[in-house]
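Chemist: Okay, structure incoming, though there's no sequence with it:
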């Protein structure tokens, strides 16, 4: 049956290549009501193979879409496209009268797959390279020997290397089902060079059914090499995921490194400050969607960054002036007070925005990713967050080490009485420092809105990890915060690949407990007078 099917397709393709014509009424009827599924599939493929099939905007494509939408009826040896109460001739597009005895065309799953492949084949002649890549990807994902003429036609006129590679993979995968062992062997050798998860699956499936010793040997030799190549992609993917998680932890912990590490305030509302930054980003997005032209939407995130910082910093300043300033030197009381404030902030957000998560969209320039290996794609939003985290780190380090405010903050945290004696307004410095740490938490919320859901409980997912990062890195040490955040992120993702998410979390916690027991000061211990104080 398969040989007859291929012969039928080839004969129709040859016939149509000799006579250039548009979709005819006879073709349209055969595509809808030929004697069996194979004949219908052959008619569909032949129509696509026609030299003037018209591409994705021609009559053939429109008729295929009508078939896919179950909008075709047949009667008296003719096909009709029916939309509402209006019928048209698929060959000419002219209005037609639908006979009373017209029958509905029924497509089973096999024919729907044939129609989808035919639509993808027509899309391969599109002027839009992205559309051609999508179509080629679909052809490669569903290999079928009956589609070889469609693939050959597309390859003959293709110029994009990525589309060529996908079509080459589709052709080789289709040849795996050939009755000719030499063709199967050639296909195995070509697929072995691609080293993708799809080719690994195809070769494993073929190995189970293969009877030719030479082809079996070729497949058995190819599979270990593919597995090793994919293993490297998985390892690098785990490292990148760890760096991505570490950058998120770094953003979340940087603000805490100031409010807890430098000022000694156990701020349990730090997670809610992250949440405020995320909701500020959401409001900026809504503003751009409702009041500004669509073309400017991609810039909303640029505006949201300072807005998120300012919103969280303002809440932090009010929090410090209204509550924290009366509790310096009493860490347990600050813990209880800020825990209560976190509950108030969560309920306030629920009252304003509702208990459900709100949607924050990625700008177009943060969508997609960079494919480094067949099984390793680096998303643009994750890359942007890693770069953003280190940019924020550089700005904070510069501010602490090189600015007047940074000098005052370091002076007040190391010796408040002496700083006051030399004229530093310690109360104002405390407010500025706490607002700075809160603003950085708002930046973390802005970044987190691009990779996850934004809801009232957003900050609760990061508050514990943020404290762990600060304690592990060494209280008051920005460098330690960086090493701890990135180290915990990479370690967590590597362990998840072996043990699963829950056991990996437990293992990381046990590691931190043991490490703190051996080195209570963290990775970087304070030295000199700071340590003595």
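Modeler: Yep, that arrived. Here the structure is a predicted model, which means the values were calculated and not measured.
Chemist: tally of neighbours for residue 513?
Modeler: Using other Cβ atoms under 10 Å, the number of residues around residue 513 comes to 10. For glycine as for every other residue, the C-beta is placed from the backbone atoms N, C-alpha and C.
Chemist: can you confirm it is in a strand?
Modeler: No - secondary structure assignment (DSSP: H, G, I helix; E, B strand; the rest coil) places residue 513 in helix, not in a strand.
Chemist: tell me the contacts of residue 313?
Modeler: Residues in contact with residue 313, defined by Cβ atoms under 8 Å, 6 or more residues apart in numbering, are 435-436, 438-439, 442.
Chemist: Is residue 329 in a helix, a strand, or coil?
Modeler: Following three-state DSSP, residue 329 is assigned to coil.
Chemist: residue contacts, it?
Modeler: Counting by Cβ under 8 Å, 6+ apart, residue 329 touches residue 264.
Chemist: Backbone dihedrals for it, please?
Modeler: Recorded main-chain torsions at residue 329 are phi 90, psi 0, according to degrees, to the nearest 10.
Chemist: Mind pulling up the pLDDT for it?
Modeler: Among the per-residue scores, residue 329 shows a pLDDT of 77.
Chemist: same check, this time on residue 57
Modeler: Residue 57 carries a pLDDT value of 74.
Chemist: how many neighbours does it have?
Modeler: In terms of burial, residue 57 registers 12 neighbours under the definition other Cβ under 10 Å.
Chemist: where's it relative to residue 205, distance?
Modeler: 36 Å (Cβ to Cβ, to the nearest Å).
Chemist: Over to residue 449?
Modeler: For residue 449, the distance to residue 205 - Cβ to Cβ - is 42 Å.
Chemist: Neighbour count for those two, which is higher?
Modeler: Neighbours per residue, other Cβ under 10 Å: of residue 449 and residue 205, the larger number sits with residue 449, 28 against 11.
Chemist: Wait, that one touches residue 282, no?
Modeler: Yes - with the criterion set as Cβ atoms under 8 Å, residue 449 and residue 282 qualify as a contacting pair; they are 6.7 Å apart.
Chemist: Report the separation between the closest residue to residue 487 other than its chain neighbours and residue 37.
Modeler: Closest residue in space to residue 487, ignoring its immediate chain neighbours: residue 246 at 7.2 Å, by Cβ to Cβ, 6 or more residues apart in numbering. Counting by Cβ to Cβ, the separation of residue 246 from residue 37 is 54 Å.
Chemist: Which one of these two is surrounded by more residues?
Modeler: In this view residue 246 and residue 37 are compared by other Cβ under 10 Å, and residue 246 has more residues nearby, 25 against 14.
Chemist: what's that one in contact with, if anything?
Modeler: If a contact means Cβ under 8 Å, 6+ apart, then residue 246 has 485-490 as its contacts.
Chemist: switch the cut-off to 6 Å
Modeler: For residue 246, the contact set (Cβ atoms under 6 Å, 6 or more residues apart in numbering) comprises 485-486, 489.
Chemist: same check, this time on residue 411
Modeler: Remark: with contacts taken as Cβ under 6 Å, 6+ apart, residue 411 is in contact with 419, 424.
Chemist: What strand or helix carries it?
Modeler: Under DSSP states H and E, the secondary-structure element containing residue 411 is helix 404-414.
Chemist: and that helix, what's its mean pLDDT?
Modeler: Here the average pLDDT along helix 404-414 is 81.
Chemist: same thing with stretch 28-36?
Modeler: Stretch 28-36 shows a mean pLDDT of 85 in the predicted model.
Chemist: For the remainder of this discussion, apply numbering that starts at 716.
Modeler: Noted, 716 is the first residue going forward, which turns the last one into stretch 743-751.
Chemist: And that stretch, how far out from the chain middle?
Modeler: Here the centre of mass of C-alpha atoms in stretch 743-751, compared against the chain's by Cα atoms, centre = their mean, to the nearest Å, lies 42 Å away.
Chemist: Equivalent analysis for stretch 929-938, please.
Modeler: The offset between the C-alpha centroid of stretch 929-938 and the centroid of the whole chain comes to 35 Å, using Cα atoms, centre = their mean.
Chemist: Quick check, central residue of this structure?
Modeler: If you average the C-alpha coordinates of the chain and look for the closest C-alpha using Cα atoms, centre = their mean, you land on residue 1094, 5.6 Å from that point.
Chemist: I'd say it and residue 1083 touch.
Modeler: No - here residue 1094 lies out of contact with residue 1083, judged by Cβ atoms under 6 Å, at a distance of 7.5 Å.
Chemist: rewinding a little: ok, now which ones touch the residue nearest to the centre of the chain?
Modeler: Shown in contact with residue 1094 (Cβ under 6 Å, 6+ apart): residue 1084.
Chemist: go on, residue 1170?
Modeler: Counted by Cβ under 6 Å, 6+ apart, residue 1170 has contacts residue 1072.
Chemist: residue boundaries of the helices in the stretch 1116-1248 of the chain?
Modeler: With DSSP state H, counting those that start in this stretch, the ranges of helices along the stretch 1116-1248 of the chain come out as 1119-1129, 1131-1136, 1141-1163, 1178-1188, 1193-1214, 1216-1233, 1244-1247.
Chemist: Ok, which of those comes nearest residue 1036?
Modeler: Taking Cβ to Cβ, helix 1141-1163 is the member of the helices of the stretch 1116-1248 of the chain nearest to residue 1036, at 5.9 Å.
Chemist: Mind giving me the packing neighbours of the closest one?
Modeler: Applying 3 or more Cβ pairs under 6 Å, 6 or more residues apart in numbering; DSSP states H and E, we find helix 1141-1163 packed against helix 928-971, helix 985-1006, helix 1015-1037, helix 1095-1117, helix 1119-1129.
Chemist: Of the ones you listed, which stretch is the most buried?
Modeler: Burial of the helices and strands packed on helix 1141-1163 is given as mean neighbour count (mean count of other Cβ atoms under 10 Å); helix 985-1006 ranks first at a mean of 23.
Chemist: quick check, distance from that one to the centre of its chain.
Modeler: Chain-centre distance of helix 985-1006: 21 Å, with Cα atoms, centre = their mean.
Chemist: Just confirm residue 781 contacts residue 796, I think it does.
Modeler: Yes - the pair formed by residue 781 and residue 796 meets the contact definition of Cβ under 6 Å, at 4.5 Å.
Chemist: Can you work out which residues contact both of the two?
Modeler: With contacts defined as Cβ under 6 Å, 6+ apart, the residues shared by residue 781 and residue 796 are residue 787.
Chemist: between the helices of the stretch 1116-1248 of the chain, which gets the lowest average pLDDT?
Modeler: Within the helices of the stretch 1116-1248 of the chain, confidence is poorest for helix 1244-1247, with a mean of 44 (mean pLDDT).
Chemist: With distance to residue 1238 added, can I get the helices and strands packed on helix 1141-1163 in a markdown table?
Modeler: Putting these into a markdown table (distance: least, Cβ to Cβ, whole Å) gives the following:
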| stretch | distance to residue 1238 |
| --- | --- |
| helix 928-971 | 13 |
| helix 985-1006 | 21 |
| helix 1015-1037 | 27 |
| helix 1095-1117 | 16 |
| helix 1119-1129 | 20 |
